[in-house]
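> Could you look at this predicted model? Sequence included:
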Protein chains: 2
Amino acid sequence: MLGGIEAGGTKFVCAVANDDLTIVERIAFPTRSPEETFNDVFEFFDKFQLKALGIGSFGPIDVNEQSPSYGFITDTPKPFWSHFDFVGTLKEKYDVPVFWTTDVNAAAYGEKMKGSAINNESCLYLTVGTGVGGGVIYGENILEGFSHPEMGHILVQPHAEDPFEGGCPFHKNCLEGLASGSAIEKRFGRKGDTIPQDDKFWKIEAYYMAQALMTYTLTLRPEKIILGGGVMMQDHLLASLREEFSRLLNGYVATPDLSEYIVTPALKGDAGIVGSLLLAEKALREA
Amino acid sequence: MLGGIEAGGTKFVCAVANDDLTIVERIAFPTRSPEETFNDVFEFFDKFQLKALGIGSFGPIDVNEQSPSYGFITDTPKPFWSHFDFVGTLKEKYDVPVFWTTDVNAAAYGEKMKGSAINNESCLYLTVGTGVGGGVIYGENILEGFSHPEMGHILVQPHAEDPFEGGCPFHKNCLEGLASGSAIEKRFGRKGDTIPQDDKFWKIEAYYMAQALMTYTLTLRPEKIILGGGVMMQDHLLASLREEFSRLLNGYVATPDLSEYIVTPALKGDAGIVGSLLLAEKALREA
Ligand SMILES: Nc1ncnc2c1ncn2[C@@H]1O[C@H](COP(=O)(O)OP(=O)(O)O)[C@@H](O)[C@H]1O
Ligand SMILES: Nc1ncnc2c1ncn2[C@@H]1O[C@H](COP(=O)(O)OP(=O)(O)O)[C@@H](O)[C@H]1O
Ligand SMILES: [Zn+2]
Ligand SMILES: [Zn+2]
């Protein structure tokens, strides 16, 4: 059995799949302390004979195999999780090949291999949820250098009619500080799903997201951009941000037709767990 | 002999090297019309027995091997060069493996293999000259997706004390529109090398560049950033943009020590031609 873990800040999903990647069983439970959460993780996987594990985790995480803290969650504001040895804790119980990466990298991998980007050579997966984060795949490879990307924190130009000064504790008005689900909550004092579709704020949101997609397009040149996360539940956003993207980029570089280029995940909410299982298979293949 | 061409908008450099990549002969001449320029190119290379050619060209160029216009310069404002079949013109005379990429990709490759990033797994090379452009290498691979990057045109936040509204014909106040050598000339009505080192403009320039380096850091995570081009002749800029980078990024992600991370090319002005020769060798190896 291949095992996959989508380790989110609020929810864990665990699943096992056959060699052909059909999911046999899956479970979801809330993220609590590492000890409590891992009790549930072990209870689930102990029932199966694991051959490999793929993990897409909330971050920041250490993905440098040369580092003494490889496989750890690093500095996170999330209580109890800073410096938790995620991979080590699993390896102690299951002595199998493990693929360890970020939640968004796993989702990007899932969409690349089995989702919206199945016919593309490269893709970017971006989540606009509580935070903003992204992962990029070229061929079968996850983009990674000194560490994994943190592309939610790029700077964007403030909108002239946006009174909000930004909510990122590190950068104030970076993309996440202006356009994430939490930024929307801070701006309005209530959640994004209560803001009517015709509120002019959504044009501002589209403006910020379009700037970011323009930056990712110019630097990464993915063949496809896939947008997930809670804020994208506003389905009118897709059309207005494509329009804004086109206006801003102004034809400077060619892209695929925007209706093909900027899309939502074909795997819907399963991109992360499917990607994790695919990465388990990759770990096994490369072991 | 390995042949290399650094095809710049104002100047061509051609060189031939032995298998160990020692340059045997080189020549530089001004870029004129394709016909005139290629007369000089042919005259130079005809003297040698070429085994492979590496080309780093000004752009935009078509690097998609599946495309009918692969090897062409695409739409350029440069008179006579739009839709010129660069690779085809060479292949007609020299039936050898050719590596075709952008000038900044070639320079990045040169710096990665023989320059400042020789001990790194990845690097970004950015030129801040007439325009702004960048290339990225991971391992031995040039980052490329739908096409090559055009990372000079990302948007940055305008500086509150900069009266200049930006000079990019496509985006007005993108990075190139605000911080390139031509943007400086438009802003002051004279060239950047006439602006005194203590002019407060250089802090503004550092602010724009630092924002861009922050964006590249968060999206690409290179192990090293190498800054070339005419504007970097202002050598005080390096220190002030490191400082500004550190202030803006605000510790959000780890980087190598900034004095190691943000540097100038070890190969100086030769990064492009050395990279082109290395790419000729790569073409030969992979043929
Ligand atoms: N329909 C909606 N419209 C706007 N924002 C929404 C909507 N649904 C959820 N959100 C916001 O998305 C965020 C949660 O994102 P989600 O991707 O579900 O979780 P997480 O990022 O924590 O994994 C919250 O800030 C929430 O307010
Ligand atoms: N010392 C200097 N200080 C500031 N700007 C300079 C300096 N030297 C050259 N430049 C500017 O750099 C640009 C040329 O960049 P360069 O890298 O030499 O050529 P190109 O980008 O055309 O290949 C011009 O705009 C020029 O004004
Ligand atoms: Zn931020
Ligand atoms: Zn521009």
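Received the coordinates, thanks. Ligands and ions are numbered 1, 2, ... in the order given.

> Just give me the residue closest to the centre of chain A.
residue A:104 (2.3 Å; Cα atoms, centre = their mean).

> Just give the nearest non-adjacent residue to residue A:40, would you?
residue A:29 (4.9 Å; Cβ to Cβ, 6 or more residues apart in numbering or on different chains). In this view, the C-beta of every residue, glycine as well, is placed from N, C-alpha and C.

> Residue A:259: which element?
Element membership of residue A:259, judged by DSSP states H and E, is helix A:258-261.

> That helix: which residues count as buried?
Using 16 or more other Cβ atoms under 10 Å in any protein chain shown as the test for burial, helix A:258-261 gives A:258, A:261.

> Mind checking if it is in reach of chain B?
No - using Cβ under 8 Å from any Cβ of the partner chain, helix A:258-261 never reaches chain B; the gap is at least 8.6 Å.

> Would you confirm that the residue nearest to residue A:40 contacts residue A:7?
No - under the criterion of Cβ atoms under 8 Å, residue A:29 makes no contact with residue A:7, lying 11.2 Å away.

> Compare those two (neighbour count), which wins?
Counted by other Cβ atoms under 10 Å in any protein chain shown, residue A:29 and residue A:7 do not tie: residue A:7 has more neighbours, with 25 against 16.

> That one and residue A:31, how far apart?
Separation of residue A:7 from residue A:31 (Cβ to Cβ, to the nearest Å): 7 Å.

> before we move on, what about residue A:62?
19 Å.

> These two - which one has more neighbours?
residue A:62 (22 against 18).

> What score does the more buried one have for pLDDT?
What the model reports for residue A:62 is a pLDDT of 97.

> In contact with it, which residues?
Going by Cβ atoms under 8 Å, 6 or more residues apart in numbering or on different chains, residue A:62 touches A:69-72, A:74, A:147.

> Single out whichever of these has the smallest pLDDT.
residue A:74 (94).

> so what's that residue up against?
Applying Cβ under 8 Å, 6+ apart, the residues near residue A:74 are A:59-62, A:82-83.

> so, if you compare those residues, which one comes nearest to residue A:225?
Of all the contacts of residue A:74, residue A:225 sits closest to residue A:59, with 20.5 Å by Cβ to Cβ.

> Next, the residue in the stretch 1-150 of chain A positioned nearest to chain B: phi, psi?
Of all residues in the stretch 1-150 of chain A, the one sitting closest to chain B is residue A:145 (3.6 Å; Cβ to the nearest Cβ). Dihedral angles phi and psi of residue A:145 (degrees, to the nearest 10) take the values phi -130, psi -110.

> Likewise for the one 4 residues further on?
Per-residue torsions, residue A:149: phi -60, psi 160 (degrees, to the nearest 10).

> Also residue A:166?
Per degrees, to the nearest 10, the backbone of residue A:166 is at phi 100, psi 150.

> Please list all residues in contact with the closest residue in space to it that isn't next to it in sequence.
Using Cβ to Cβ, 6+ apart and skipping the chain neighbours, the partner closest in space to residue A:166 is residue A:173 (3.1 Å). Residue A:173 is in contact with A:155-156, A:158, A:165-166, B:157, counting by Cβ under 8 Å, 6+ apart.

> rerun that using 7 Å as the cut-off
By Cβ atoms under 7 Å, 6 or more residues apart in numbering or on different chains, the contact list for residue A:173 reads A:158, A:165-166.

> Just the buried ones from those residues, in PyMOL syntax?
Applying 16+ other Cβ under 10 Å to those, the buried members can be selected in PyMOL as follows:
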select buried, chain A and resi 158+166
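
> which ones among the contacts of residue A:173 come in contact with ligand 2?
Residues of the contacts of residue A:173 in contact with ligand 2 (Cβ under 6 Å from any ligand atom): none.

> Would you format the contacts of residue A:173 as CSV with pLDDT included?
As requested, the contacts of residue A:173 are exported to CSV (pLDDT from 0 to 100):
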residue, pLDDT
A:158, 98
A:165, 98
A:166, 98
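
> So is stretch A:138-156 next to ligand 3?
Yes - using Cβ under 5 Å from the ion, stretch A:138-156 comes into contact with ligand 3 via residue A:153.

> and chain A, what are its domains?
Split into domains by automatic domain parsing, chain A comes to A:2-105+A:272-286, A:117-264.

> okay, how far is it across the shortest one, tip to tip?
With Cα to Cα, to the nearest Å as the measure, the ends of domain A:2-105+A:272-286 fall 14 Å from one another.

> mean confidence for the helix holding residue A:259?
98.

> hmm, the helix or strand that that helix is followed by touching chain B?
Next along the chain after helix A:258-261, taking DSSP H and E as the criterion, comes strand A:262-263. No - judged by Cβ under 7 Å from any Cβ of the partner chain, strand A:262-263 stays clear of chain B, getting no closer than 12.7 Å.

> Strand A:262-263 pairs with which strands?
For strand A:262-263, sheet partners with direction are given as strand A:225-228 (parallel), following DSSP bridges.

> gap between the partner strand and the chain center?
Taking the mean of its C-alpha atoms, strand A:225-228 sits 9 Å from the chain's own mean (Cα atoms, centre = their mean, to the nearest Å).

> got it, and stretch A:172-188?
17 Å.

> circling back: hmm, who's touching whichever strand or helix holds the residue nearest to residue A:40?
In the assignment (DSSP H and E), residue A:29 maps to strand A:23-30. For strand A:23-30, contacts defined as Cβ under 7 Å, 6+ apart pick out A:1, A:10-18, A:40, A:44, A:273.

> Is there a quick PyMOL command that grabs whichever of those are buried?
With 16+ other Cβ under 10 Å as the burial test, the buried ones among the contacts of strand A:23-30 are selected in PyMOL as follows:
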select buried, chain A and resi 1+12+13+14+15+16+17+40+44+273
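
> helices or strands up against the helix holding residue A:259?
If contacts are counted by 3 or more Cβ pairs under 7 Å, 6 or more residues apart in numbering or on different chains; DSSP states H and E, helix A:258-261 sits against helix A:236-249.

> Show residues contacting the helix it packs on.
With Cβ under 7 Å, 6+ apart as the criterion, helix A:236-249 contacts A:197, A:202-203, A:205-207, A:209-211, A:213-214, A:217, A:258, A:262, A:264.

> Export only the CA atoms of the longest helix along chain A, formatted as PDB.
The residue-count maximum for a helix in chain A (DSSP state H) belongs to helix A:201-220. What follows is helix A:201-220, C-alpha atoms only, in PDB (Å, rounded to 0.1, in the frame of the first residue of the first chain):
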ATOM      1  CA  PHE A 201     -13.700  44.800  -3.200                       C
ATOM      2  CA  TRP A 202     -13.600  41.700  -5.500                       C
ATOM      3  CA  LYS A 203     -12.100  43.800  -8.300                       C
ATOM      4  CA  ILE A 204      -9.400  44.800  -5.800                       C
ATOM      5  CA  GLU A 205      -8.800  41.200  -4.900                       C
ATOM      6  CA  ALA A 206      -8.600  40.300  -8.600                       C
ATOM      7  CA  TYR A 207      -6.100  43.100  -9.100                       C
ATOM      8  CA  TYR A 208      -3.800  41.700  -6.400                       C
ATOM      9  CA  MET A 209      -4.100  38.200  -7.600                       C
ATOM     10  CA  ALA A 210      -3.500  39.200 -11.300                       C
ATOM     11  CA  GLN A 211      -0.300  41.000 -10.400                       C
ATOM     12  CA  ALA A 212       0.900  37.900  -8.600                       C
ATOM     13  CA  LEU A 213       0.000  35.700 -11.600                       C
ATOM     14  CA  MET A 214       1.800  38.100 -13.900                       C
ATOM     15  CA  THR A 215       4.900  37.900 -11.700                       C
ATOM     16  CA  TYR A 216       4.800  34.100 -11.600                       C
ATOM     17  CA  THR A 217       4.200  34.000 -15.400                       C
ATOM     18  CA  LEU A 218       7.300  36.200 -16.100                       C
ATOM     19  CA  THR A 219       9.600  34.400 -13.700                       C
ATOM     20  CA  LEU A 220       8.500  30.800 -13.900                       C
END
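
> Please consider this matter closed, and thank you.
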